[in-house]
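Peer 1: A predicted structure for the sequence below; I have some questions about it.
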Amino acid sequence: MTKEKDKIKKDEYEKALSAYSQAMKPFHKGDYKKADELLKAFLDKHKSEKEFVDRAKIYLTICGEQQSKEKVQLKTFEDYYQHGVFKTNQEDYEEALKLLEKAREMKPKEGKILYLMAGIYCLKGENEKCFELLKNSIKLDKYFSILARNERDFESLWEDKKFKLITRMV
């Protein structure tokens with residue numbers, strides 16, 4: 001009977017661990033609304049796992065605080081650029097591209113915008129758009145050629161002939 005109870009307890013613990021891990025994924029990506037929903041569902045189902053319940057409550061509080069913060073007021077080129085970098089790091093590529101387009105409107109000849117956008121399109125698997133933007137960023141500043149050859153975001157293209165041609169690696 002004790003082995004059976006231990007097995008049930010272990011199974012419940014593993015289910016709780018899995019549910020907690022799933023709730024934390026959107027939290028780490030900055031999707032506080034989704035994390036909030038998953039943490040509440042976790043707390044409803046796994047009240048007996050004290051170890052996780054305490055942590056979940058803390059993260060639930062953080063989610064609430066993050067969601068209640070006012071939206072960031074973006075005004076300058078640098079605001080849009082930095083927030084675009086932030087969204088890129090969160091893997092929210094569509095939002096990042098929107099922000100970077102706004103920054104690009106403010107400074108159309110700014111190579112770092114084109115370079116970052118090229119990296120995003122590469123990560124999205126849109127290589128032709130990536131090549132176009134990368135080429136234009138390198139025209140504005142040759143330094144981006146060196147960066148691209150070492151940037152992990154472009155790793156999938158490092159052996160591509162067109163990438164080598166654009167970055168002068170042939």
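Peer 2: Cool, got the structure. Numbering: from 1, shown residues only.
Peer 1: going forward, measure contacts and count neighbours with C-alpha atoms only.
Peer 2: OK.
Peer 1: Val85 versus the closest residue to Ser156 other than its chain neighbours, what's the distance?
Peer 2: Counting by CA to CA, 6 or more residues apart in numbering, Ser156 lies nearest to Cys122, which is 7.9 Å off, once chain neighbours are set aside. According to CA to CA, to the nearest Å, Cys122 and Val85 sit 15 Å apart.
Peer 1: ok, the residue nearest to Ser156 - contacts?
Peer 2: Listed by CA atoms under 8 Å, 6 or more residues apart in numbering, the contact set of Cys122 reads Cys130, Asp153, Phe154, Ser156.
Peer 1: from these, list the buried ones, please.
Peer 2: Cys130, Asp153, Phe154 (16 or more other CA atoms under 10 Å).
Peer 1: how many neighbouring residues does the residue nearest to the second one when sequence neighbours are not counted have?
Peer 2: Of all residues not flanking Asp153 in the chain, Gly119 sits nearest, at 5.7 Å (CA to CA, 6+ apart). Taking other CA atoms under 10 Å as the neighbour definition, Gly119 ends up with a count of 26.
Peer 1: let me have the buried ones among the contacts of Cys122 in JSON lines, extended by pLDDT and secondary structure.
Peer 2: Formatted as JSON lines, these follow (pLDDT from 0 to 100; DSSP: H, G, I helix; E, B strand; the rest coil):
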{"residue": "Cys130", "pLDDT": "96", "secondary structure": "helix"}
{"residue": "Asp153", "pLDDT": "92", "secondary structure": "helix"}
{"residue": "Phe154", "pLDDT": "93", "secondary structure": "helix"}
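Peer 1: no further questions, thank you.
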